[in-house]
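Novice: Compute the structure for the input listed below.
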Amino acid sequence: MTRNLLSSVRLRFAPSPTGHLHLGGLRTALFNHLLARKLDGKWILRIEDTDQSRLVPGAIQSIIKTLQWAKLDYDEGPDLSGQFGPYIQSQRQAIYEAHRDRLLETKQAYRCFCSAERLDQMRQEFRRQGSHLTYDRKCLQMSDAEQARRLSEGASHVVRLRNSDAPVSLNDLVYGQLTFLNNTQDDAILIKADGTPTYHFANVVDDHHMRISHVLRGEEWLSSTPKHILLYQALGFPVPQFAHLPLLVNADGSKLSKRSGDVRVEEYITKGYEPEALLNFVALMGMNHSRHQALEKNETTTSDLMTMEQMTSMSFRWIWSVNIAQPCRSQSLCTLINSTSAGACSRRSRNGFVHGSCAPAHSWSRIARPARCRTNTSIGCCSQ
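Specialist: Next up is the predicted model:
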């Protein structure tokens, strides 16, 4: 059972406050924003702070401030009113407990009392056997009386989803039709020993209660999607449409880190980048750049990889290739770009500033805000 594509469109950007927002997160937020606006829907900001041990002080405020700087105006969130709040997961504990009890009552989940030492031994044994499993389902066979006795003694335990061995199919909006074999997956932990939900459990429950129709997220979550679909099915929830986005990576191919200063959005703000310039950069990541490569002489090959330096160089070449005599199309845009040259749109050329001309508009800005001008001064381009 999946949500009807013709029903109300609702998306979410759900970062964890374990660090500052980096370029990959900004790109995911941008795509959620664009699709919501294109389909006349809404998107929300939800803070997923279930891992309290990794919280970074001030990270929530930093995320909100960065999205405001980028003009990615979500419709609901921690600092905005909405009928599906609260929008911080640590404030939704009662909701998770109610669904935990529901799964336990229907035998879709069970309590696991195994110690950390036993789990470690099992993990090593499975590894020696070449298996990806880490748990042998011992507690699934425990009687209700034994469970009640241990609970009365205050025994530490977690709650696990009773996994199905049946394959799970998914029609991803990016990757197409996919099928996962569940006999290689463990019974996922839903509730930790301290009573708080895991990411997987809170994510599914919140997406349902907030009526999310489309889930746009990084492809690193693709392997977790079978667990999420099984959870939707166990809880009787409709499954949203999934779109797993290719990741942005460091120059050496490694994953971006929130703790790395050179990929944090705040670092680019400090360096003076305009929001439109940075959004333009991340918006074009993952597309085919062959139409731009024609501006470079003697280039016969294209690549999906592009650095910030290449993006800046490409933008300058594009500006130089357009007719500089083209009249400016927006007085308000000119004022935004060059407050010192009243009403004159300015852009830098080889010989300095050239007034009275603008580069063609980028398609993403027309989709996001068709009635507003966009400026891209940091890489030398202004667009309407």
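Novice: Least confident secondary structure element in the protein?
Specialist: Least confident helix or strand, the chain: strand 352-355 with a mean of 28, by mean pLDDT, DSSP states H and E.
Novice: Would you list the phi and psi of the spatially most central residue of the chain?
Specialist: In the chain, the C-alpha nearest the mean C-alpha coordinate belongs to Arg217, at 3.9 Å (CA atoms, centre = their mean). The phi/psi pair for Arg217 (degrees, to the nearest 10) reads phi -150, psi 170.
Novice: Enumerate every residue touching it.
Specialist: Residues in contact with Arg217 (CB atoms under 8 Å, 6 or more residues apart in numbering) are Ala14, Thr28, Phe242, Ala243, His244, Leu245. Where C-beta positions appear, they are placed from N, C-alpha and C, glycine not excepted.
Novice: Equivalent analysis for Leu170, please.
Specialist: Counting by CB under 8 Å, 6+ apart, Leu170 has contacts Gln177, Leu178, Thr179, Phe180, Thr225, Pro226, Ile229, Phe242.
Novice: Can you say which helix or strand has it in it?
Specialist: Per DSSP states H and E, Leu170 falls inside strand 168-172.
Novice: next structured bit after that strand?
Specialist: strand 176-180.
Novice: Residues in contact with that next one: which ones?
Specialist: Under CB under 8 Å, 6+ apart, the answer for strand 176-180 is Pro167, Val168, Ser169, Leu170, Asn171, Asp172, Leu222, Thr225, Pro226.
Novice: Going by neighbour count, which of the residues you listed comes out on top?
Specialist: Pro226 (23 neighbours; other CB atoms under 10 Å).
Novice: wait, that residue sits on Asp186?
Specialist: No. Using CB atoms under 8 Å, Pro226 makes no contact with Asp186, being 11.3 Å away.
Novice: Go over the secondary structure and confirm Glu220 is in a helix.
Specialist: Yes. Counting by DSSP: H, G, I helix; E, B strand; the rest coil, Glu220 is found in a helix.
Novice: wait, doesn't it sit right on Leu247?
Specialist: Yes. Look at Glu220 against Leu247 with CB under 8 Å: they come within range, at 6.5 Å.
Novice: And those two? Which one has more around it.
Specialist: Ranked by neighbour count (other CB under 10 Å), Glu220 and Leu247 place Leu247 first, with 15 against 12.
Novice: hey, where'd the strands end up in the chain?
Specialist: 10-13, 42-45, 109-112, 158-161, 168-172, 176-180, 189-191, 214-218, 241-245, 346-349, 352-355, 374-376, 381-383 (DSSP state E).
Novice: Quick check: the closest residue to Arg102 other than its chain neighbours vs Trp221, distance?
Specialist: Closest residue to Arg102 apart from its sequence neighbours, by CB to CB, 6 or more residues apart in numbering: Leu235 at 7.2 Å. Distance of Leu235 to Trp221, given as CB to CB, to the nearest Å: 19 Å.
Novice: sorry, back to before: between Glu220 and Leu247, which contacts overlap?
Specialist: Lys255.
Novice: ok, now which ones touch Tyr87?
Specialist: Ile44, Leu45, Arg46, Ile47, Glu76, Gly77, Pro78.
Novice: Low-confidence stretches in the stretch 151-300 of the chain?
Specialist: The stretch 151-300 of the chain contains residues with pLDDT under 70 at 183-184, 251, 256-262, 286-300.
Novice: Recalculate using a threshold of 90.
Specialist: Low-confidence segments of the stretch 151-300 of the chain (pLDDT under 90): 163-166, 181-186, 223, 246-264, 267, 271, 273, 277, 280-300.
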